Structure formats: C-alpha cells, structure tokens
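# Okay, predicted coordinates and the sequence, questions at the end:
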Amino acid sequence: MATSEASNTTYKKVQVRRYKPEENPEKHYLNEEKGLWAWLTTVDHKKIGLMYLGSIALFFLVGGILALVLRTELWTPARSFLDADLYNQVFTLHGAIMIFFFLVPSVPTVLGNFVLPLQLGAKDVAFPRLNLASYYIYVIGALFTLTAILTGGVDTGWTFYTPYSATTGGSVMMMTLGIFILGFSSILTGVNFIVTIHKMRSPGLTWSKLPLNLWALYATSIIQILATPVLAITVLLLTMERALGIGIFDPNLGGDPVLYQHFFWFYSHPAVYIMIVPGFGIVSEIISTFSKKIIFGYWAIALSSLAIAFIGFLVWGHHMFTAGQSSLANMVFSFLTFMVGIPTGIKIFNWLATMYKGSIDLKAPMLYIMIFLFLFTIGGFTGIMLGALSVDIHLHDTYYVVAHFHYVMVGGMVMAFLGGIHYWWPKMFGKMYSELWARIAAVFIFIGFNMTFLPQFIMGSQGMPRRYFNYIEQFQAFHQTSTVGAYIMGVGFLIIAFYLIHSLMKGKRAGSNPWGSRALEWQTASPPPLHNFEHVPVIINGPYDYHKPMSEFQLGIASKHNGHHAEETVNVPESAQEKA
Amino acid sequence: MSSTSATEEKRLDHVQHHFVDGEQQFESAKMGMWVFIVTEVLMFGGLFLAYIAYRSWYPELFLEASTELDAFWGMVNTFVLIGSSLTVAMAIRSAQLNQIKGLIINLYITIGLAITFMVIKYFEYSEKIAKGIAPGNYYTYDGLEHEKANIFFSIYYMMTGLHGIHVIIGIGLMIWLVVKAKKKVFHSGYYTPVEITGLYWHLVDVIWIFLFPLLYLID
C-alpha cells in the first residue's frame, strides 16, 4: 500500500473536469453489442433490467387478464361462465402471479437494476454474472409455475394454507417449487444491491448524498435477504408435506396448521414492504425533480425506509387475529401494526412539504405520483382500521381486505412503478413518449381504479366475503360497478402499452436530462454508454440540490484510464472538493 | 502499486471491468458472501423454529426419540467437520502465502473429510430406514411409544438433509477450487474464491455444531 506521503503526491495528479453529457450518442448500450445471443448472455445491468421489464410486463398482462376474468364472472350473483373450482384456480393464479412474479420483483429488478449503478456512478452492480443468473432463476421459477397451471392448476389461494394445500388436488408442489426457486432470484438481487451500495459508490458519494431511491432499495434488499429464506424453507416444508407427508403442518399427521401461518406470514408480511418500499424511493426522486426543490427531510425519509423494514418484521401476527392466537399476542401485534403508520406518515408529510412552494410541473411521472399519494393514503388508513382488533374481527376475510390490499399495492406500488417507468423511460431508450396520451391513460387508470375498489370497501364492510364466486343480490350493483371499473382500468393499461411501444418506434429523441434533474443518472447520455459514464463521476453536491447550478453536477475525474489505476482512486473526494 | 511493469499488469488480470481495483473486488466478494450467510442462517432458522416449537410442545417426545440417534457416530462426524474447517482455513493461509501446492493438498484433505462425513451420514440414514424410521408417510417403526414420533424424525431428516445438501455443494465448490488452483489461477494477490468458499464451509460446520447437540445429545 502507498504511504500517506506518497498518496499526498498522488492527490495532485487527480484533475476534476466538467463533463457535459453527450446528446443523442451514436453508440450506446442498446446498440453496442448486437444480436439475440448478446442480449441473452449480457451481464450489463441495464440490459438485464430491460429483460426483466419484458418478463414482468408479460406476467402483469397474464395476471391482469385473470383479474378481468374474475370480475366478469362476478357480474351476476349466480354462476356466469366459470364454475366454482375454476374460479378458485383463477383467483389463486391471479394472486400468485401478481405477487410473486410481478409485485415482488418489479421495482428492484427493473428500475433498481437499471438505475442503481447509474445513481452510484458505478459501471455495473457488484456481481454482474449473479445478476444475470438471478434473471434465469426467475425464468426457471416461472416455467415451473406455468407447468403447474397447465398440469392441473392450483386452488389454494396464493397463501397455500395447510391443511387444505396439503390435501387438495392439482399441482401445488409444482407451484411451491416454482416459488422456492423464485426466492433465490430475489435473494441474489438483494445481496447484489446491498454489496453494490456499500462498495461501489463513486468518489464523493457519501451516505448522506445517497439518492433516496437507493435508501429505499437498500431497505428493500435487507428485507429480501432476511425474509425470503424463511419463505424458502416454508414452501420447502410444504412441498415435503405433500411429497412425503412429513406432518409438521398437516393436522391429520399430528402437525400444526397455525405454525404454517406463522411461517408463511413471517415472510409474506415483510414481502408487502418488499413491494412498496422501493416505490417510496421512486416517489422521493420524482417529487423532488418535478417540484424543482430540495427534498424536505432527507434523513427522515431515508431512515423511515429502514424503520419500515424493521417494524415490518414484527407485525406478521395481524394476519392471524382470527386464527386462534393468544389475546396477548393479538394485542401486541395490533399495537406494532399501528407503529408502521408512523414512518409511513413521516414520508407522506415530508413529500407534501417538499412540494410546498415548489415549482410543480405536472408531467406524466408526477401525475402518477400524485395518484400514488392519494390512493396510498387511503390504502394506509384502511390498513390501520384492519389493524384494530375489534374492527378486524368484523372485516376479516371480506372484500374490505381485498380493497385495502389493492389500494396499497395497485394504488401505491403500481402507480409508483408507472411513475418510475415514465420518469426513467427517456434514460432507458433515449426516446420520449406522448405526454398527452400519458395523461389520458393516467386519468383512465385513476377513475377505473377507484370505480373498481371503492365499492369493495362498502361491500366488505357490509359483509361480502372474499374468494366467493357467487353472492347475494344486494351486492350486485357494487359488483357491477367494480367490474366496469376494472375494464376502464384495463383500457388505461392498454393505452400505456400502445404509446410506449409507439415511442420505441417513432418517439421523439430525448435529451440527456429532459426533466432538468440534479441526480447522477441524468448526468450521462440518454441512452447511457455501455459502461454508464465516460469518466468516473465525482459527487460534491446532494442529488436534490436544485438551488445550485447544473455545472456543479457534471464533474468527473479527468483521465482516460477511467479510474482503473490505483493512484486515481485513493481518497479522491477531499482533493476533488478542494479543486471545486 | 503505481508500477506498470509487465508482471504488475499480469497480477491485475483477475480484476473485473467494473471494479476500480482488486481490493474493491475482494471486499465486495467477501461482503456478498457474508450477506449470503445471513440468508442461510435465516433459512435454517425456520427449521430451528419448527424444532423449538415442537420441543416446547412435546419435550418428552424429543427425549425419547433422540435415543434412537447414535451419539457416537454423531460425535465422530462433529470432529470430522471441525477438522475440515481447520484444513480449509489452512488452505486460505497457503493461498495467502503463495504456496499453491499446500493450497491444493489442504483442499484435498477438506474434500476427503467432507466425503467421510457424508459416508457416515449415509450409514446412519440407511440403518434408520432399515428399522422403519423413514421420513413422513414411510415411517413404520413401532419401537417408540410417543404418537408424534414421526414428527421428530421429520424434523431430523429435514435438518440433517438440508445440511447434507450444503455439504455436497461445498464438496463441489472445493473440487472447482482445486481445478482452478491447478491452473495457477490463485496467488497471494488473488484468492477470493478460496476465501469465500472457506467462509461458506465454516457456516456448514457451525450449523452442524448446533444440530449435533440439539438432536443427538438431549437426554
């Protein structure tokens, strides 16, 4: 190692220069390596992110069609066109596909993969090959699930509760094995992100300058690595239960079904934070960019992500209030559930304070985030109601729970995901989409969504149980409104698909920084070069410092070696600050 | 480190394109392995939880059923695994000192000990299955009076089975290391795969050190 004296002399060699990103570059990551094989074997985080985007969009389409099938069946109180068994299979698949193949991987693997190294100023994630492996593990898990669908289906609901899941027909084993495999994909992504954030930050990027998106992804990754292995062992035990009859969960063999519920929810409650927390990160980025204002309460937002991750591990029992837990456990879990509201509220208020007196620009990404704030708040508050013991006894297993969950997951997470896609789309492809159609689609989705799920709150509070394929006539008007709303929402998603594809083909070229953001990923070309930056970025200002001129954000180390020599990397930030 | 001679260049050929230097690459790999170890601990944690739950519900079952397990061979296996942890640590030491021959020999000994562990485990399993103590529905043994004896052995087979799979994966990893070492890939400046495989192997060892007393030594 160099002595301190020697490294002092090396400081002088480091020159920080201003780099204006190249506009509309000829060579970028999309066209530098050509051919299908180059895509399938790429270790580039941006391409892997796009491959995930394609796969996830496919599963979202399948899950969405299943949802429309369910809503269509519920048009009339009696049987319309599905019989009860098929209905059970369809809602199970809708839930399992949307949760395990869309919601859990969506933000981390698509937007996280694409944006995380760019926001760190790194050339790639720490383990690029592991990143590619995680994609193929996801594909293998998906193939298992498809096999399960084609070889008999699954009718247990996405929760696979024993003893029913241990005894029912169909291909439960295939499905649980698919989810077991999928878990590894999730774990590998989590490991990759944690190490990348710790070890791959570019010079000057201290923890206090880390974009909030990365804090959120960091919190998400922690949940992923801590919770997913427990899901793995749970579904493995369930698989063994069916294969060998090991009897740990099956009461017919002396086992305990409530133990299964504890195991399952120890993963699956934190899993809903795997789904929503990365959405919070996107919201922070977009709100600051489109309010042209420094984020309010940086540390409050950053640490509340970690707080949610932590408390999220302590509330799983609120899924089991009616499953025969001790009343003491119920009280403790109910209390801890209320606690989740605190960091979530902190976030909402800080976002509102960021917008206060900002120059708000209601472009499509911001529009989705406004929808997010509105719907997610409703979803959050109804969650508090469900966390209250006495209320939950009445509302347990009704449409109220379904509506709450969809307000949080679709109204929250999917809106944040759409916001993120619209926000980073120009960076991903170097193309703009039609702003007008984006707004029209947002309006369709907002109206359709509320038409679908607001009536479900009312139905649920009046006692309509979930997972039933028929119902009494008093609920018909609610169900029909809900079904019409679901189709309106479907139209909204179709519009999005059309204008995004149109943008790929004939979209206007986007500049390197169409939103005027100060964040690092916008200080390189759109689309970025294969190695993200033509220089090693040097970070002196925070990612939300809108009061400082853009030129202070376009700094990099002046060297053709791109930082690959030892003397350029030792303690650069101090010297960089002196120069600036 | 500022030298740019030909030998210096050669020593850096293991640094992947996206890392600034070998140190960053080494630190990243090591941290990644530690994070992965956390996930492993949580995965086994689920089984330990099942163990704790059933043991607190049926303590007498565990006392009775564990007498069926052979503590002597369990003890032998414990020493075999602890010994292999020592040799894998010596393998890392050899790599750090650039002693590639010592690295390969230590890896061979570790692989040998790991295989010994699996062979002993095989005889333990087959002796039990011959008696009718098979997992799940195939359990036919009537030497134990407790009606939930099958569940004790379900937990036993799940825990030791999952651990055994980890041992087999470890054997595979170390064979891969031997192949790489023979190709002279490792030297004192680059032995990351040896280091992180060693970490993994210690985890496998530590899990067994918990499994052995919890399953074999409870009376």
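Received, thanks.
# use CA for all of it now, contacts and neighbours both
Noted.
# Name the helix or strand for the closest residue to chain B within the stretch 351-500 of chain A, please.
Ranked by C-alpha to the nearest C-alpha, the top residue of the stretch 351-500 of chain A for proximity to chain B is residue A:428, at 20.0 Å. For residue A:428, the host element (DSSP states H and E) is helix A:415-429.
# Check the offset of the next helix-or-strand element following that helix from the chain's centre.
Counting by DSSP H and E, the next helix or strand C-terminal to helix A:415-429 is helix A:435-461. Relative to the centre of its chain, helix A:435-461 is centred 20 Å away, using C-alpha atoms, centre = their mean, to the nearest Å.
# Show me what counts as buried in helix A:435-461.
Neighbour counts over helix A:435-461 (16 or more other C-alpha atoms under 10 Å in any protein chain shown) mark A:437-439, A:441-461 as buried.
# Please work out the residue of the stretch 401-550 of chain A nearest to chain B and name it.
Counting by C-alpha to the nearest C-alpha, the stretch 401-550 of chain A gets nearest chain B through residue A:531, at 8.1 Å.
# near chain A, which residues of chain B?
Selection of chain B residues close to chain A by C-alpha under 8 Å from any C-alpha of the partner chain yields B:1-2, B:18-21, B:24, B:27-28, B:31-32, B:35-36, B:38-40, B:42-47, B:50, B:135-138, B:148, B:150-151, B:154-155.
# Pull out the buried residues from those residues.
B:18-21, B:28, B:31-32, B:35-36, B:38-40, B:42-44, B:46-47, B:50, B:135-137, B:148, B:150-151, B:154-155.
# Let me see the ranges of the helices in the stretch 451-580 of chain A.
A:476-506, A:572-579 (DSSP state H, counting those that start in this stretch).
# How about the stretch 1-150 of chain A?
A:4-13, A:36-40, A:45-73, A:84-96, A:104-105, A:113-120, A:128-150.
# Run a quick neighbour tally on the residue of the stretch 401-550 of chain A closest to chain B.
Residues within reach of residue A:531, counting by other C-alpha atoms under 10 Å in any protein chain shown, total 20.
# Check which helices and strands the strand or helix carrying residue A:342 sits against.
Element membership for residue A:342, per DSSP H and E: helix A:327-355. Packed against helix A:327-355 by the contact rule (3 or more C-alpha pairs under 8 Å, 6 or more residues apart in numbering or on different chains; DSSP states H and E) you find helix A:257-291, helix A:298-311, helix A:364-387, helix A:389-395.
# Pull the contacting residues for residue 56.
Chain wasn't specified; assuming chain A. For residue A:56, the contacting residues are A:101, A:102, A:105, A:106, by C-alpha atoms under 8 Å, 6 or more residues apart in numbering or on different chains.
# And the third one, how far from residue A:376?
Distance of residue A:105 to residue A:376, given as C-alpha to C-alpha, to the nearest Å: 20 Å.
# Next one, pLDDT for the spatially most central residue of chain B please.
The residue lying closest to the centre of chain B (C-alpha atoms, centre = their mean) is residue B:204, at 2.4 Å. You'll see residue B:204 listed with a pLDDT of 96.
# Now the phi/psi pair for it, please.
phi -60, psi -40 (degrees, to the nearest 10).
# re earlier: ok, the residue of the stretch 351-500 of chain A closest to chain B touching residue A:529?
No. If you go by C-alpha atoms under 8 Å, residue A:428 and residue A:529 don't touch, sitting 10.9 Å apart.
# any residues in contact with both of the two?
With C-alpha under 8 Å, 6+ apart, residue A:428 and residue A:529 have no common neighbours.
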